[in-house]
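> predicted structure and sequence below. I'll ask about it afterward.
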Amino acid sequence: MRLFSIKNGIIVSAIAIFTILGFYWWDGYSKARIRDENLSFGNYVKSDIFKIKEAVKEVPDILKESAASGDKVKIGSINKLAEALEVYNMEKGQYPEDMEEIIGVYINSGLPKEESFYYEPQPGGNGYVMGIRLGNGEIFEVSN
């Protein structure tokens, strides 16, 4: 019999997992038992497993909310850039040919480093179109 075999590794891992879960559940059970003296250990474990399953079901919603909050930051940054472009236009009488003229002077933004960001000035500096691809695939665009 080999000491370090796959079978032994699986057995040791299973024992470790069940030991950790046992301590976790026993600690939680002792605290829950204070609130409800008629609570059995089996019922506590069942309710905890149910809570874990419900929490796992919420993961896609959490990911969607996270993407939406990232999109809000991008939209806010685009709007700040649009304000900076208006200030630049008031001072210089035209929109810049390159976004680099705006960054650092009027606003500090990481958007121009994003691959999905674009800025396209109109000929003669009379206007612009800029936008960015959001997490859901849609493009948020600002123009003047």
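Done, it's in.

> low-confidence bits of the protein, can you list those?
The chain contains residues with pLDDT under 70 at 1-4, 37, 66-68, 101-114.

> next one: the lengthiest helix in it to chain centre, how far?
Secondary structure of the chain read by DSSP state H shows that its longest helix is helix 41-92. Its chain's average C-alpha position is 5 Å from that of helix 41-92, according to C-alpha atoms, centre = their mean, to the nearest Å.

> quick one: strands adjacent to the helix or strand following that helix?
Next helix or strand after helix 41-92 toward the C-terminus (DSSP states H and E): strand 118-121. Next to strand 118-121 in the sheet, as set by DSSP bridges, lie strand 128-133 (antiparallel).

> report the backbone C-alpha coordinates of the strand it pairs with in PDB.
Taking Å, rounded to 0.1, in the frame of the first residue of the first chain, the C-alpha atoms of strand 128-133 are listed here in PDB:
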ATOM      1  CA  TYR A 128     -17.400  65.200 -32.000                       C
ATOM      2  CA  VAL A 129     -18.800  61.700 -31.300                       C
ATOM      3  CA  MET A 130     -17.500  59.600 -28.500                       C
ATOM      4  CA  GLY A 131     -18.700  56.400 -26.900                       C
ATOM      5  CA  ILE A 132     -17.900  53.200 -25.000                       C
ATOM      6  CA  ARG A 133     -19.200  49.700 -25.000                       C
END
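
> thank you, goodbye.
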